[in-house]
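>>> mind looking at a prediction? Sequence and model below.
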Amino acid sequence: MLDIHRLKIFIKIVELKSFKMAAKACWLTQPTVSQHVAAIESFLGLKLFDRNSKEIHLTQAGQLLYRYATEISALFDALSQSFELFKGKKIGTLNLGASTIPGDYIVPHLLGEFKHLYPGLKTNVLIRDSKDVIQMLLDRHVDLAVVGTEIKHNRLKYTPIMPDELVLIIPLGHRWWDIPMVEMSEVIIEPFVMRENGSGTRLEMDKKLKSIGIDPSNLNVVAEVGSTTAVKEAVESRLGISFVSRLSIEKELKLAIFKTVRVRDIVFSRWFYLVRDIFRTSSPLCSSFSKYLIERTQT
């Protein structure tokens, strides 16, 4: 028999790449999970997994089932939420992906406000770099994403929700402390702390530098780190200078830990985007949060 419960177990196995991990996530025993998969295979008359190796690999039939199962699961969840809303119950789960800046400085506040409208709301927020967040959205691990750069894909729709600016920060006592503006030629030779590949900040910075004829590889990179917090710690420790989101340094500027310095004739402006997969059916909760987020950030 093929039912939604078994399909969700199958999806969990594929996502976690493990029968054991899927059993744990579904609060079932591993033999029970195996029995559910065997029941699906018996119903279809097809094998879903290649069990000839220690790793789990989907057969072609398994790949086809996974594609449709994720759509069916999303539709089922949307239907369940719709009935709950019809009965006056504002409940449901929202899985949201966010890159580091919106994940740390934008999303938590807005989710807190939104929860007052939906007291029964449960949220799962996964914070990664922009590339990873977009991949999670495409893989259906999250319902929506909020990122700081556009990574083009025919399934994705980007809605700009909030402007931002990347600013050059220097540590207390740096030789540029009393200088309001520097040349880009000076920035290039200064020790520089870089975000990791896949970061929205880095993608936007690289894009801007290339647009003015500067190869980002010419920067004097002394460290590459995996978060804005790590960048700020490195700059404060006088390891180098860096470009960061203005949103991320309000506290440090007030405490005079950092100072921003303008780069002549260059403004590193960008947008934060709400991203959704246009090939997926949005749940009522997902649609409501999307509308709320756009209205709150554009007023």
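Looks like it came in fine. Remember, predicted model here, so these are calculated numbers, not experimental data.
>>> thought R238 was touching I169?
No. R238 is beyond contact range of I169, at 11.8 Å (criterion: Cβ atoms under 8 Å). Where you see a C-beta, it was placed from the backbone N, CA and C, and this is true even at glycine.
>>> show me which of these two is the more surrounded one.
I169 (25 against 13; other Cβ atoms under 10 Å).
>>> how near is the more buried one to K254?
14 Å (Cβ to Cβ, to the nearest Å).
>>> same check on Q30?
On the measure of Cβ to Cβ, Q30 and K254 end up 54 Å apart.
>>> who's more crowded, the two?
A count of neighbours by other Cβ under 10 Å puts Q30 above the other of Q30 and K254, at 14 against 8.
>>> what pLDDT is listed against that one?
pLDDT for Q30: 88.
>>> isn't it up against F19?
Yes. At 5.6 Å, Q30 and F19 qualify as touching, with contact defined as Cβ under 8 Å.
>>> what comes into contact with the helix or strand containing V261?
For V261, the host element (DSSP states H and E) is strand 258-263. Applying Cβ atoms under 8 Å, 6 or more residues apart in numbering, the contact partners of strand 258-263 are 167-172, 174, 176-177, 179-184, 187, 232, 235-236, 246, 249, 252-253.
>>> and G198, what are its phi and psi?
Dihedral pair for G198: phi 100, psi -20, per degrees, to the nearest 10.
>>> low-confidence ranges in the stretch 51-200 of the chain?
52-54, 81-82, 84-91 (pLDDT under 70).
>>> how about the helices in it?
Ranges of helices within the stretch 51-200 of the chain are 60-86, 100-105, 107-117, 130-138, 184-189, 200-211, based on DSSP state H, counting those that start in this stretch.
>>> which one of these lies nearest to N220?
N220 lies closest to helix 184-189 among these, at 5.7 Å (Cβ to Cβ).
>>> tell me the buried residues in that closest one?
V187 (16 or more other Cβ atoms under 10 Å).
>>> restricted to strands, list the contacts of strand 258-263.
Using DSSP state E, the subset of these located in strands is 167-171, 181-182.
>>> what's the burial count for the residue nearest to G240 when sequence neighbours are not counted?
Closest residue to G240 apart from its sequence neighbours, by Cβ to Cβ, 6 or more residues apart in numbering: P191 at 3.7 Å. Other residues lying near P191 total 15 when counted by other Cβ under 10 Å.
>>> quick one: P191 from K47, how far?
56 Å.
>>> ok, now S269?
Counting by Cβ to Cβ, the gap from S269 to K47 is 53 Å.
>>> neighbour count for these two, which is higher?
Between S269 and K47, counted using other Cβ under 10 Å, the more crowded position is K47 (14 against 10).
>>> pretty sure that one contacts E41?
Yes. When contacts are counted by Cβ under 8 Å, K47 is listed as touching E41 (5.9 Å).
>>> which ones are touching V225?
193-196, 231, 234.
>>> what about I241, how many residues close to it?
Applying other Cβ under 10 Å, I find that I241 has 25 neighbouring residues.
>>> next one: K210
Neighbours around K210, by other Cβ under 10 Å: 11.
>>> D129 versus that one, what's the distance?
Counting by Cβ to Cβ, the gap from K210 to D129 is 19 Å.
>>> count of neighbours near D77?
For D77, the count of nearby residues is 19 (other Cβ under 10 Å).
>>> also L247?
Neighbours of L247 under the rule other Cβ under 10 Å: 18.
>>> distance of it from E204?
Here L247 is placed at a distance of 13 Å from E204 (Cβ to Cβ).
>>> how does this protein divide into domains?
The chain breaks down by automatic domain parsing into domains covering 1-88, 164-269.
>>> among the ones you listed, which is nearest R155?
Of all the domains of the chain, domain 1-88 sits nearest to R155, with 12.6 Å by Cβ to Cβ.
>>> ok, now how distant is the closest residue to L7 other than its chain neighbours from I40?
Residue nearest to L7 in three dimensions, not counting chain neighbours: A69, with 4.5 Å by Cβ to Cβ, 6+ apart. Between A69 and I40 the computed distance is 9 Å (Cβ to Cβ).
>>> list residues touching both of those two?
Residues touching both A69 and I40 (Cβ under 8 Å, 6+ apart): 7, 10.
>>> buried subset of the ones in strands among the contacts of strand 258-263?
Those of the ones in strands among the contacts of strand 258-263 that meet the buried threshold are 167-171, 182, by 16+ other Cβ under 10 Å.
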